[in-house]
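1. what follows is a predicted structure for the sequence shown.
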Amino acid sequence: MTVRKMYTLTLLLILTLFLAGCQSLVLISPNQTSKGEVDYQDTLLTMVVPYQSGGGTDVFARFMTKPLSNHIKNQPSIQVENVPGGGSITGTNKYVNSYSKDGTNLVTTSASTHIPYLLKQSSVQYNLDELTPLVGAPTGGVVYGSPDLKIGSGFELKQVKEDLFFAGMSPTGLDLTTLISFEVLEIDAKAVLGYEGRGPARVAFEQGESNIDFQTTTAYKHNIAPKVENGEAIPLYSLGQIDENGEVVRDPQFPDIPTVKEVYEEIHGVEPSGRVWETYKHFLNATYTLQKVIWVHKSAPESAKNELKEAVNKLVEDDQFKED
Amino acid sequence: MFESAMEALSIVLDPSRMLFMCLGIGLGIIVGLLPGLGGTVGMSLMLPFIFGMDPFVGIALLIGMVAVIHTGDTFPSILIGVPGSAGSQATIMDGFPLAKKGEASRAMGAALFCSMIGGIIGGIVLFLAIPIAAPLITSFTSPVLFMLTMLGLSMAGLLAGDSPAKGALSGLLGLLIGAIGSAPAVTEYRYTFNSLYLSDGLSLPVVALAIFAFPILITMLIQKGSIAKTTHLQGGVLKGIGDALKNKFLVVRSAILGSLVGFIPGLGGSVVDWLAYGAGKKTVKNNQFGEGDIRGVIAPESANNAKEGGSLIPTLLFGIPGSGTTAILLGGLILMGLEAGPKMLTSELPVTLSIVWTLVIANIIGALLCMILIKPIAKLSLIPGEKLVPFLAVLLVIGAYQSNFSWGDLITLIAIGLLGYIMTILDWPRPPLLIGFVLAVSAERYYWISIERYGWEWLGQPVVITIGIIIVILLTGGAIMKKISISLQREGV
C-alpha cells in the first residue's frame, strides 16, 4: 500500500519537474557552425527577456518572435527565455556574460534597461556599445493636465496659479524623461514619487492627487484620449521623437500636439539649448525613440549578424507585419 | 446588462470553450495542489499558448485556471501542513490539527464547499461592481490606502496568540524583512549588500514557503510517525459540508471580506486568508481557533477564492494588477488583442461578462472535482512523515526556485526557514511576520506619498480618522476583552 503511495508521490514529483522545466525553458545549446556559414538549420534561437513573463517587454518580444523567424533562412524556432530580476539588470548582465556569442542568442531590452546604463549604476555589467541593435520600437509620451489648471494648452503653462503635483514611480525610471522636460520648461511641479506604475499614477490623476501627468502612446490613446473629449484632461505637450539629425520633432502618432521644443519656443521666443536640453534629447532617444530594442552580441559571427539584419529589414518592409 | 449576461453565458457554455476551461481547471488544481507553485507559475505556463487565441477561448483557459488554484491548494495545507500556494496558509492553523485528529476528510469537505461558495460570491461581487467600479476605485486615495495597510497590520495583533508582545515583535520582524530591496520612492537600496538578487526584495512565495513549510519538514523528521494520529480516517466529506452550512453567515462574511480586500488595489491580496481568519477569530463565539476548530478552516477558505473576483476589478477596468497572477493576465489579454481599460465595460463587455461566468462555473467544477479526489488524497496523512519529507523537500526547492530562477531563492528559503523553525521552537506566532512582510512596501509607499502630497493635512480626512478609530478599537478591544475574561475566570475560581 505504502509502495503504491510512494509511486503516486514520485509521479507528482515528475509532474512538477516537468512543469518547472516548461517554465524556465531550459537553454538548449545551439548547433555551432564552425566555418562562418550560418544556415540556422535545426537551430533554436533564444530570445532573452530580462523581465517577468506577461510584462510589456515580454509581450513585445513574444509578438516579434514569429514574424522574425519567418524571415530568417530555414525559419528557425525562436524561444523566449525570461530572466527576471534586478529591474532587468540581472537578465541583461547574464546575457552579455554567460550566453554564447554565436549569433543564436538575442536579447530584448527596454527603457528601464537603458537608463541604469546611462546613469552608470554600479550593478550594470553590460555595455550597450558591445551589442548590435537589430530592430527598435519607439513609443511616445504625452503630458496632460487637469482642467482645474484653467489653461487650454501647453503654451499657457506659465500662467498656472495652482501648485502642480506630478505622480511618478521613481526618479530613475521612465518618469525621468518627463521630469527633465519639466526642467527644460522651468515648470515648478512637485514630483510625488513612489507609485507602483503608470496605471496607479493615472488613477492618482483621476483622484486629483496629481494634476499633471503623462502616459505613453498606447495608454494615452486608450485611457486619456476619451477623457480629453469629455473635457476631463487637457493635452499640454508631447515629448516628441528624435529624428535622424538628432532633433526633436513632432510625434507621428500625435501630429496635433506640440512638442516640448515648440512650447519652449512659444514661451521664451528662442530655441531651447544648453546642458539640460542636451540631456533631455539624450534621454528621449534612449527611453522613447528606442524604447524597446532587440540586440545581438556585437562579437557574434558577421555572417550571423548579417543574416539577422537582413531578416529584420525584410520584416520591417513586410506589409502583413505592418498591419499587425 | 442582464441580457448581455445571458448572452455571455451562452458564449461560455459553447462546448469548445468549455473544453478549454476544463483544461484550465485541471492545470489550476494541479498547480494549486503542488506546494510552492501558485497562480503566477500557472499563468506563465499558459502564456506561450495564448498568443493569437480567440479571446473567449483564451479567457476560459486562463480564468478557469486562476479560479481553482485556491481550491486545489487546500489539500497540502490541511493534509500535511504545507501551504499549497501563498493564499492558503491560514487554512493550516486549524485544518492541519483536524487532519492530525484523523478528520482530514471533514476539513477538506468544508474547505472545498466554502471555496466554491466563496468563488461564486466573488464572481457576483465582480458582476455587481462593474457599473460602480470607477468611482469606487478612485475613492481609495493614498492616505486611505495607507490607513488600510495599518488596519491590516493591526490584524497581526489578533493572530498573535497568547502573547501580544511576541506578536508585535514578529510583525516588526516581517516589516524589516519586507524592507529589503529598493525603496519604493527613491533609488535607495536597503540591506542588499550590493547583491542584485536582493535589490528586488525577497519574493513572497519563497518567504511563505520558508516560514510555514520548512519548519514542518524538520518537525516531521523529529517526531516520526504519520500526520494523523489515528489509523482510520473518520468524519466524511458530507459532515464537512454540513459544518459549512451551519456557519453560512461566516462563509458569506468571509467571502465578502475576501472580495473587498482583493478589490482594493495595492493592498496585497495575498494576506486575505489571514485577515479572514483573524476576523473570524474575533467574531465567532466560543471558538477554539488554532486547535482544530472547523470554523478556522471555513473563514480563510471562503475568502481566498472570493478574492480572485475582487482582484479582477482593478485589473480589467484600470489595468492595475493587484498580484503577480493578474499582472501576467494583463499580458495575456494583450497577446489576445485586448487591452484592459474602460473599454472592458463598453465594446468589450461580453469578454468581461464571460470572465464572471467562467469564474463561477470553474469554481463549481473545480470544487466537485476536488471532492472526488479527497478520498484517495486524504490517505497521504497516513504515510509516515519521514517518507514524505524527501518528496516535500524537492517540491519545496522547486517551488522556491520558480520565483527568480536564482540561487538566492534557495539561500533565502533556508535562511528564513531556519528563522521559522526557531520561531516554532520558541512558540512565536508566525502569521504576523508574514503580514508585516507583505504590507511593508505598501505601508511605506502610501505613507511616503501621503506626506509628500498632502503634508500632514491628510490626517484630518474623515475616512482616515474613521479607519484610525477602528484600528484603536481592534487593538485595545482585544486586550480589554481578555482582561475581562481573565478576571471572570478568577472570580469563577
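-> All right, it came through fine.
2. so where is the chain shaky, pLDDT-wise?
-> All of this refers to chain A. In the predicted model of chain A, residues A:1-6, A:8-39, A:41, A:319-324 satisfy pLDDT under 70.
3. my bad, chain B
-> Along chain B, the parts satisfying pLDDT under 70 run over B:161, B:229-235, B:266-269, B:477-479, B:481-482, B:485, B:491-493.
4. which residues in it form strands?
-> B:181-182, B:189-190 (DSSP state E).
5. can you give me how far the first one is from the chain middle?
-> How far strand B:181-182 lies from its chain's middle: 24 Å, per CA atoms, centre = their mean, to the nearest Å.
6. stretch B:281-292 too?
-> Taking CA atoms, centre = their mean, the mean C-alpha location of stretch B:281-292 is offset from the chain mean by 20 Å.
7. could you pull out the buried residues of that stretch?
-> Buried positions in stretch B:281-292, judged by neighbour count with 16 or more other CB atoms under 10 Å in any protein chain shown: B:281, B:284, B:287, B:289, B:292. C-betas here are computed from N, CA, C, even on glycine.
8. go on, stretch A:197-207?
-> A:198-207.
9. what of stretch B:239-246?
-> The neighbour-count check on stretch B:239-246 (16+ other CB under 10 Å) flags B:239-244 as buried.
10. against chain A, which of these make the cut? List them.
-> The subset of the buried residues of stretch B:239-246 lying close to chain A, counting by CB under 8 Å from any CB of the partner chain, is empty.
11. need those in CSV (columns: distance to A:Pro147).
-> Shown next, in CSV, are these (distance: CB to CB, whole Å):
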residue, distance to A:Pro147
B:Lys239, 62
B:Gly240, 57
B:Ile241, 56
B:Gly242, 59
B:Asp243, 56
B:Ala244, 52
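12. ranges for the helices of the stretch 301-450 of chain B?
-> For the stretch 301-450 of chain B, applying DSSP state H, counting those that start in this stretch gives helices covering B:324-335, B:349-378, B:385-401, B:407-426, B:431-454.
13. okay, the angle between the third one and helix B:407-426?
-> In this case it means helix B:385-401. Here helix B:385-401 points in a direction 140 degrees away from that of helix B:407-426 (axes from the mean of the first three to the mean of the last three CA atoms, to 10 degrees).
14. mind listing what's buried in helix B:385-401?
-> The neighbour-count check on helix B:385-401 (16+ other CB under 10 Å) flags B:385, B:388-389, B:391-392, B:395-401 as buried.
15. check the second one too.
-> Residues of helix B:349-378 classed as buried by neighbour count (16+ other CB under 10 Å): B:349-367, B:369-371, B:374, B:377-378.
16. please apply the same query to stretch B:242-259.
-> Buried residues in stretch B:242-259 (16+ other CB under 10 Å): B:242-244, B:247, B:250-251, B:253-259.
17. for chain A, state which of these is nearest.
-> B:Ser259 (19.4 Å; CB to the nearest CB).
18. quick check: closest non-adjacent residue to B:Val31.
-> B:Gly42 (4.1 Å; CB to CB, 6 or more residues apart in numbering or on different chains).
19. chain center to stretch B:402-417: distance?
-> Distance of stretch B:402-417 from the chain centroid (CA atoms, centre = their mean) equals 21 Å.
20. tell me the spacing between the residue of the stretch 151-300 of chain A found nearest chain B and A:Leu164.
-> Here the stretch 151-300 of chain A gets closest to chain B at one residue, A:Gly194, 3.2 Å apart by CB to the nearest CB. Distance of A:Gly194 to A:Leu164, computed by CB to CB, to the nearest Å: 17 Å.
21. what about these two, which has more around it?
-> Set A:Gly194 next to A:Leu164 and count neighbours by other CB atoms under 10 Å in any protein chain shown: A:Gly194 wins out with 25 against 18.
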